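Trainee: kindly generate the corresponding structure for this input.
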Amino acid sequence: MLPRQGVTPALARFVASTRWDDIPDSVRHEAKRALLNFFAVAIAGCRTKPIELALKSLAEFSGGKQATIVGRTERIDALNAAFLNAAGANVFDYCDTHLPTVVHPTSPLAPAVLAMAELRKVTGPEFLLAFILGFEIECRVGAVVSPGHYPKGWHITSTCGVFGAAAAAAKLLGLSETQIVWALGNASTQSAGLCECLGWPAKSVSVGNAARNGLFSALLADKGFEGPPEPIAGAQGWIAAMGEPPDWPALLDNLGKSWEVANNSIKPYPAGFVIHPLLDLALDWRQENPNATVTKVTARGNPLLVQRTDRPEVATGRESQVSLQHAVAAALVLGKAGLEQFTDACVNDPKVGALRKHITVSSDPAISTIAVDMEFTTSDGKVHKRSTQAARGSAANPLKDAEIERKLRDEARSWNARHDIQPLIDAVWTLDKSADVSTLAALSVPR
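Mentor: As a prediction, the model looks like this:
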């Protein structure tokens, strides 16, 4: 790949120059929806074993009490709060998805912005603007190396999330264009994460690091910590190291005119998003045929569905979140696809395990990541064909605002039945009118 100068400076100029008035109302609203969903999934994950272990480890080295851990009464230093909140939001694979890249953009991004809001006074419009710009940067950086980056084994949420966190924090710090280039350079050299860790607690390390290291990158730049002038597109820069033919238009075209948050998808199920169209069909079919016995299921979907989720043999709840066989079997046997269906107990359910063995999948590049064709064979020998073109929660078939609110209420209630989460919901919807968002994260903590 030939180096291309001026790419990172162009992104930095965009971050530095964009103002709140430049953001369309529809984009502002999508940002609020993403934040509501973030709090739902972060609350769901904040007391899981990986987060308990990480908190126990990090607390030994943190003397600060600067920032909130979403859903918990403990406080910790801002960098480690960003780590824990990002890891917690992504631990269940229940977070939002940018469909063109399959980045989970808000998990590594929101924690950095929330930590900054507790370090310095930040208004609601400033908070939302930084979030939207960080979202744009991480998704466009992901797009420049897609579609090959993720199938090669890079966990794109982590490798690209660090850029979004750095850009958002840089905006809130009021950094100059040159300093933002430094921040993105600091982020580029800390970009990491492997898909081999999906389904294991180790996945949370790179997601947490994306938030923490992105925030750290901007804080370093604020103090004059310099980086190269072209860290993203230089001869030995990030794109070159990733080894993918760059899609330059996806990175730079219509910057500031089109907005990637408009392509965001919010999950109704805690599993890899490519599994969602299968779950839609399985749950609908089960509801329509409650007394039928399924003996075999075949599916035909996007190559990414096969590459990432064709896992008939799973041993843990974590693994089951990226197993299409388990997800479909549990949905058909139990008629549900919530957090309880992706636990060790459900993995060991004999009926679910038996059906997993009779679910197969094939690849078809003509089918999008949000679509699937399926056949359900029943005990009477009949074959029932079903298909969908747009999974629930996708940008083409989005969840309603009320459904996202309900998701947040349900997750808050699951930890503490008396936790009144309505003040947090109200605060997110009215962020653009807030003069100080320093207490936003604290509203997630049961009182």
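Trainee: which residues in the stretch 151-300 of the chain form helices?
Mentor: 156-173, 177-188, 203-222, 238-242, 248-252, 276-288 (DSSP state H, counting those that start in this stretch).
Trainee: next, format those as CSV and append mean neighbour count and mean pLDDT.
Mentor: For the C-beta atoms, the positions are set from N, CA and C on the backbone; glycine is no exception. Output for the helices of the stretch 151-300 of the chain, formatted as CSV (neighbours: other Cβ atoms under 10 Å; pLDDT from 0 to 100):
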stretch, mean neighbour count, mean pLDDT
helix 156-173, 31, 98
helix 177-188, 26, 98
helix 203-222, 27, 98
helix 238-242, 19, 96
helix 248-252, 16, 95
helix 276-288, 21, 96
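Trainee: can I get those in JSON lines with distance to Ala59?
Mentor: Output for these, formatted as JSON lines (distance: least, Cβ to Cβ, whole Å):
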{"stretch": "helix 156-173", "distance to Ala59": "22"}
{"stretch": "helix 177-188", "distance to Ala59": "26"}
{"stretch": "helix 203-222", "distance to Ala59": "14"}
{"stretch": "helix 238-242", "distance to Ala59": "33"}
{"stretch": "helix 248-252", "distance to Ala59": "39"}
{"stretch": "helix 276-288", "distance to Ala59": "36"}
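Trainee: and of those, who's closest to Val103?
Mentor: Val103 sits nearest to helix 156-173 of all the helices of the stretch 151-300 of the chain, at 5.2 Å, using Cβ to Cβ.
Trainee: still on that earlier bit, between the helices of the stretch 151-300 of the chain, which one is closest to Pro24.
Mentor: The stretch from these with the least distance to Pro24 (Cβ to Cβ) is helix 156-173; that distance is 17.8 Å.
Trainee: from the contact counts, what lies against that closest one?
Mentor: Other helices and strands packing on helix 156-173, by 3 or more Cβ pairs under 8 Å, 6 or more residues apart in numbering; DSSP states H and E, are helix 7-17, helix 78-90, helix 106-119, helix 124-144, helix 177-188, helix 203-222.
Trainee: of those, give the one that comes closest to Trp285.
Mentor: Nearest to Trp285, of all the helices and strands packed on helix 156-173, is helix 78-90, at 29.7 Å by Cβ to Cβ.
Trainee: can you pull the contacts of the most centrally placed residue in the chain?
Mentor: Nearest to the mean C-alpha position of the chain, counting by Cα atoms, centre = their mean, stands His104 at 2.3 Å. Contact partners of His104, counting by Cβ atoms under 8 Å, 6 or more residues apart in numbering, are Asn90, Asp93, Cys95, Asp96, Thr97, His98, Thr157, Gly161, Val207.
Trainee: so which of those residues comes closest to Leu198?
Mentor: For those, the nearest to Leu198 is Asp93 (8.2 Å; Cβ to Cβ).
Trainee: how many neighbours does Ile137 have?
Mentor: 33 (other Cβ atoms under 10 Å).
Trainee: please renumber so the chain begins at 561
Mentor: Sure, I'll start numbering at 561, so the last one becomes Ile697.
Trainee: burial measure for Ala627, as a count.
Mentor: 26.
Trainee: that one touches Glu634, doesn't it?
Mentor: No: taking contacts as Cβ atoms under 8 Å, Ala627 lies outside contact range of Glu634: 10.3 Å.
Trainee: shared neighbours of these two, anything?
Mentor: Residues touching both Ala627 and Glu634 (Cβ under 8 Å, 6+ apart): none.
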